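> sharing a model that was predicted from the sequence below.
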2 protein chains.
Amino acid sequence: MQISSMPLGYNHPAMLKALADPVNQKIIANRPALGVFPGKDWPDKLRKILLHKEIAPPGLSHITTMMCGSCSNENAFKTIFIWYAEKQRGDAPFTREEMESCMMNQTPGTPRFSILSFKGAFHGRTLGSLSTTHSKYIHKIDIPGFDWPTASFPVYKYPLDENIRENQQEDNRCLAEVEELFEKYKTEKKIPVAGVIVEPIQAEGGDNHASPEFFQELQRITKKVLHDAALLIDEVQTGGGPTGKMWCHEHFNLESPPDVVTFSKKMQLGGYYHVKSLKPKQSYRIFNTWMGDPSKMILLEAILETIRKENLLHRVTTVGDYMLKQLMSLQNEFSTMINSIRGRGTFIAFNCSSPELRDTIIKKLLSKGIQTGGCGTATIRLRPALTFTEHHANIFLDTLRSILKQ
Amino acid sequence: MQISSMPLGYNHPAMLKALADPVNQKIIANRPALGVFPGKDWPDKLRKILLHKEIAPPGLSHITTMMCGSCSNENAFKTIFIWYAEKQRGDAPFTREEMESCMMNQTPGTPRFSILSFKGAFHGRTLGSLSTTHSKYIHKIDIPGFDWPTASFPVYKYPLDENIRENQQEDNRCLAEVEELFEKYKTEKKIPVAGVIVEPIQAEGGDNHASPEFFQELQRITKKVLHDAALLIDEVQTGGGPTGKMWCHEHFNLESPPDVVTFSKKMQLGGYYHVKSLKPKQSYRIFNTWMGDPSKMILLEAILETIRKENLLHRVTTVGDYMLKQLMSLQNEFSTMINSIRGRGTFIAFNCSSPELRDTIIKKLLSKGIQTGGCGTATIRLRPALTFTEHHANIFLDTLRSILKQ
């Protein structure tokens, strides 16, 4: 599914129908610079499509559109930095020194703020977002980056219900590191943490899950009066339905909404939702030529309409539960080869006993016409479209079983 | 023209025809992740459209596609950093220390390299590209950035033919600064310059032109054995025909091709051309989910075909020359109000005697249905589509004359 970016599979009639409409063809041909010349209907489209109450993450009322996941994270960082600086500035205007020093990339106008991220995280590859990405060295080596803090992300033992105490301890270890890094970067390094970025499930890093309690406590630490930083949940890969909810963090019962939620991939265009307090006071602080792409909104509208009409989130949940159950019994049968089955909805993964076995299984599946993906060191991840049914699941399960038997 | 991003104006039949084609509609609906699953015909499309000998900048044989100007510059920087690091590494493999340290954003794996840019430059707003942007403080204030060097860009006296000696001295002053910054960032700061980024005409910064001799000498300094850095010409706003050539730097008679040329806007998709030696040896070093967008290539193909068939580059040159001549006589008539007429093709600008007068003229033009743009402090820039004719020019000139008279 093109690195998890196709929500409805190939040639979906709803998408083809939207593209066959001459009105939509004109919208695509006459692409506006949305930041300055939005079409008259653009605010309404944002309200009806992205800010629709069944689509927007609960509690998040503001939206900024972009074109890809990296740019969404980069601009979300900027929004957080502006908010963080404004809190310190209070109602005071910019100083002359700030206005002049920033033009030469020097303090105080160019401040030394940081974004805290996690080991194994993937948030993109432009220079800012790459500074928060830590999944593979080949993404990062030889590229300059910011000295920003990196905390451990929980590494759980599976099955979860047999390792409750160890996994709680693992949560606590990682959260203590977050606290230490907040302190270290504030006091010692003088690069205070303005925001924390985290994936609800680390995808590229190995489909690493963390407990709702971990995310709840992470939010508490981030928002502590002492730190007063923003929590950014990166839903570029998890957003748009594959976990059975529109946004994966809805599974976590957070005390309050995250401050920012970024998206792209299945959503076709990029962007981020945020709380009202993060809206910059001045215009042109978050801006670029296109600020998103109405042609992608045409597709997104057709996609969201299909999700609603065909109740696809429910299907994802049902089929996902079925897949997990069946994979568990495969794991019992072939426990020396596969382990650590995990997932939400159809966003499912399992580990193989070695990287070599993982690569072999992926290759054999491909030879039977089934595309899966590797992530982490020995993990296979499944990223079907939202239209994946029990029938498709059975084809996959039967094929996997026969490969494991071989 | 949507911040100079529409090459053929609104509702161009060639673009609408391309979008009415059901085959193209399927390409748009079934968007691939081009880095891993390009369509079978994608390499051929790259060759026939972007690498076509009348389209690609002379001497540049390699292309990487992206989605916007900022990402094109960010990834071009990465390509330059990788090349620069590999030169120092020779044939040696990555060290264990490099592989481990880069995962925590620390040296040596995350090196301290820089990109030199110019005052008044605009190269985008993501965190890496923003570190090379210096046009307005509101773009930069409160956003962390890299400590990278910034040299002066020539500020010429107009008319050029009456200020030849002063302007040559201005070139020399700026080039001496470039030399000094290369030295300072290497020896004193220990953040060596791996590449230089420059616009062929500084657009956002005020439509600031520099002489071909300035660019020739800048290339010589950049490529000196002592520095051995890469020259990146940012043609995001100048590329695609508005200066009468496909690429503005073709006006400069450089000794050899620039190492990298970035583009976006009129080209519909983003990306960069580069010399063969900059191609990274390993895969996945320059990568993201989409790596461009075939739907934009459909439009670009129709646009380039129209440019060729209707000989639009020739038209841009002719109409541009006519505009410049007519604006010169307007300047003679209203010399207390407008000055410093300058341009290549229809990429034309002039200064007003004050920012207030500039804003008034823009407003009055708008009230007559003519959209112009402000840039720099008191400059009006014209960014018509390539389909702009002498007839359109006369409408603009007559309206401007009547406003100046008023």
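Received the coordinates, thanks.

> how about the residues of the stretch 101-250 of chain A that lie near chain B?
Within the stretch 101-250 of chain A, the positions adjacent to chain B are A:102-106, A:109-114, A:119, A:124-129, A:131, A:134, A:136-148, A:150 by C-beta under 8 Å from any C-beta of the partner chain. All C-beta spots, glycine's among them, are computed from the backbone N, C-alpha and C.

> could you tell me which of those belong to strands?
The strands, defined by DSSP state E, take in A:114, A:150 from those.

> name the residues that touch stretch A:35-45?
A:27, A:32, A:34, A:287-291, A:294, A:297, A:301, B:2-3 (C-beta atoms under 8 Å, 6 or more residues apart in numbering or on different chains).

> what about 6 Å?
Residues from elsewhere that reach stretch A:35-45 (C-beta atoms under 6 Å, 6 or more residues apart in numbering or on different chains): A:287, A:291, A:297.

> can you classify the first one by secondary structure?
Three-state call for residue A:287 (DSSP: H, G, I helix; E, B strand; the rest coil): coil.

> need the phi and psi values for residue A:235.
Torsion angles at residue A:235 (phi, psi; degrees, to the nearest 10) stand at phi -110, psi 30.

> what number of residues are in the vicinity of it?
By other C-beta atoms under 10 Å in any protein chain shown, the residues close to residue A:235 number 30.

> now swap in the one 5 residues further on and tell me
As a burial measure, the neighbour count of residue A:240 was computed by other C-beta under 10 Å and equals 26.

> again, but for residue A:176
When neighbours are counted by other C-beta under 10 Å, residue A:176 registers 13.

> my guess is it is in a strand, correct?
No. Assessed with three-state DSSP, residue A:176 is helix; it does not lie in a strand.

> now it: how far from residue B:106?
The spacing between residue A:176 and residue B:106, counted by C-beta to C-beta, to the nearest Å, is 22 Å.

> so who does the spatially most central residue of chain A touch?
The centroid of chain A falls nearest to residue A:235 when counting by C-alpha atoms, centre = their mean (2.3 Å). With contacts defined as C-beta under 6 Å, 6+ apart, residue A:235 is in contact with A:247, A:261, A:263.

> from those residues, which ones fall inside strands?
A:261, A:263.

> returning to what we had before: give the PyMOL command for selecting the buried subset of the residues of the stretch 101-250 of chain A next to chain B.
PyMOL command restricting those to the buried ones, with burial defined by 16 or more other C-beta atoms under 10 Å in any protein chain shown:
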select buried, chain A and resi 102+103+104+105+109+110+111+113+114+119+124+125+126+127+128+129+131+134+136+138+139+140+141+142+143+144+145+146+148+150
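
> so which residues of the stretch 201-350 of chain A form strands?
Secondary structure of the stretch 201-350 of chain A (DSSP state E, counting those that start in this stretch): strands at A:201-202, A:208-209, A:230-234, A:260-263, A:270-274, A:338-344, A:347-352.

> worst mean pLDDT across the helices and strands of chain A, which element?
strand A:373-375 (a mean of 92; mean pLDDT, DSSP states H and E).

> could you say what helices and strands it packs with?
Helices and strands touching strand A:373-375, by 3 or more C-beta pairs under 6 Å, 6 or more residues apart in numbering or on different chains; DSSP states H and E: there are none.

> relative to chain B, which of the contacts of stretch A:35-45 is nearest.
For the contacts of stretch A:35-45, the minimum distance to chain B (C-beta to the nearest C-beta) is 6.9 Å, reached by residue A:287.

> no more questions from me, cheers.
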